[in-house]
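**Student:** what follows is a predicted structure for the sequence shown.
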Amino acid sequence: MRSSLTFIIACFALISLATAAEPTVVNLWPGKAPGETKELPPEQDVNKPTDKPVGDRKIIKLTNVSTPQLAIYRPASDVDTGTAVIVCPGGGHNILAYDHEGTEVAEWLNRVGVTGIVLKYRVPARDPDKRWIAAVQDAQRAVSLVRNRASEWNVDSARIGILGFSAGGETAGLAALLHAERQYPQTDATDAVSCRPDFAALIYPGGFLKQGSETELKDYVKVTEQTPPLFFAHSVDDRVSASNSILLFSQLKQAKVPAELHIYASGGHGYGIRQTGHACNSWPDRCADWMRGQGWLKKK
């Protein structure tokens, strides 16, 4: 009898843990997102059996996203700092690497006391000339929405960061750089709330360099005194040039904006938060150190 009771209690405990781990999911826009005029096929994971794994397993490759959403993962109350970070998975603006650059990152953020908020932004790209525009619209809206609902989600409205990988790093970076100019017409009262992230972390970002250049940033990639602090991690052997991070870091230094840059000897591209046998896999520890040093991991 006692063993049966123990088994039942254990089952309830497991159910409780599973329930606690489930994120709160909210739609980003009250209706259709800006500029949406056609219906896409249903969302789907387009990972193929022949695709290489990252670390020890396959990844989710989500595409046909037309209803952007936030998935909010809350840390345990005893470690909660009140800081939130919006996570932008990469995928070349074609897909979202939704787990190893999204949900798994939110779980890591939870472990350091941060609310992890995965942004499911629109893919594939809508505008061939500005492939980033729909993603950045969604990122700006996400910052405003989280700030507007900060008290509801137990988040400090002055400690909202954004973190992105690859094309998601471009998205997060442009959300930080272009915060003074919202990239869509105001839709409701949420858009009256600031879309400036308080800090940003860009992991192997791309899209900042002029075509064919290793020494010039695109004209709209500009740093001002109002640019929030940034953290970078990149590998020398990345097919997406580390100059994306190096040149932007240099501009931040010139503008006296707090920034930290980590360039690793190896690791390639797209490792996310998984272990792939390279020193670059330590970037989460370095990023946590940086956030701690800036005061974002202090309890409220």
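**Tutor:** Yep, that arrived. Numbers count the residues shown, from 1 in each chain.
**Student:** need the per-residue pLDDT for the residue nearest to residue 196 when sequence neighbours are not counted.
**Tutor:** Using Cβ to Cβ, 6 or more residues apart in numbering and skipping the chain neighbours, the partner closest in space to residue 196 is residue 179 (3.8 Å). Heads up, the C-betas are built off the backbone N, CA and C, glycines and all. Residue 179 is assigned a pLDDT of 96 by the prediction.
**Student:** what do you get for the one 5 residues further on?
**Tutor:** The score at residue 184 is 97. That number is its pLDDT.
**Student:** quick one: residues contacting the closest residue in space to it that isn't next to it in sequence.
**Tutor:** Residue nearest to residue 184 in three dimensions, not counting chain neighbours: residue 34, with 4.0 Å by Cβ to Cβ, 6+ apart. Taking Cβ atoms under 8 Å, 6 or more residues apart in numbering, we find residue 34 in contact with 134, 137, 184-185, 187.
**Student:** residue 34 belongs to a strand?
**Tutor:** No - counting by DSSP: H, G, I helix; E, B strand; the rest coil, residue 34 is not found in a strand; it is coil.
**Student:** circling back: give me the buried subset of the contacts of residue 34.
**Tutor:** Buried by 16 or more other Cβ atoms under 10 Å: 134, 137, 184, out of the contacts of residue 34.
**Student:** that's a helix at the second one, yeah?
**Tutor:** Yes - judged by three-state DSSP, residue 137 forms part of a helix.
**Student:** now do the contacts for it.
**Tutor:** Counting by Cβ under 8 Å, 6+ apart, residue 137 has contacts 33-35, 183-184.
**Student:** try the last one
**Tutor:** Shown here is residue 184, whose contacts under the criterion Cβ under 8 Å, 6+ apart are 34-35, 137, 140-141.
**Student:** what of residue 43?
**Tutor:** Per Cβ under 8 Å, 6+ apart, neighbours of residue 43: 62-66.
**Student:** how about it, phi and psi?
**Tutor:** Dihedral angles of residue 43 (phi, psi; degrees, to the nearest 10) stand at phi -50, psi 140.
**Student:** and it, what's its pLDDT?
**Tutor:** Looking at residue 43, its pLDDT reads 97.
**Student:** circling back to that earlier point, which of the contacts of residue 137 sit farthest apart?
**Tutor:** Checked with Cβ to Cβ, those reach their widest spread between 33 and 183, with 11.6 Å between them.
**Student:** which SSE is residue 202 in?
**Tutor:** If you go by DSSP states H and E, residue 202 is part of strand 199-203.
**Student:** and the very next helix or strand once past that strand, how far out from the chain's middle?
**Tutor:** Remark: after strand 199-203, the chain's next helix or strand is strand 230-235, criterion DSSP H and E. The chain centre lies 13 Å from the centre of strand 230-235; the measure is Cα atoms, centre = their mean, to the nearest Å.
**Student:** and the helices in the stretch 51-200 of the chain?
**Tutor:** 104-111, 133-148, 167-177 (DSSP state H, counting those that start in this stretch).
**Student:** looking at the contacts of residue 184, which gets the smallest pLDDT?
**Tutor:** Lowest pLDDT of the contacts of residue 184: residue 35, 92.
**Student:** neighbours around that one, how many?
**Tutor:** Neighbour count of residue 35, defined by other Cβ atoms under 10 Å: 12.
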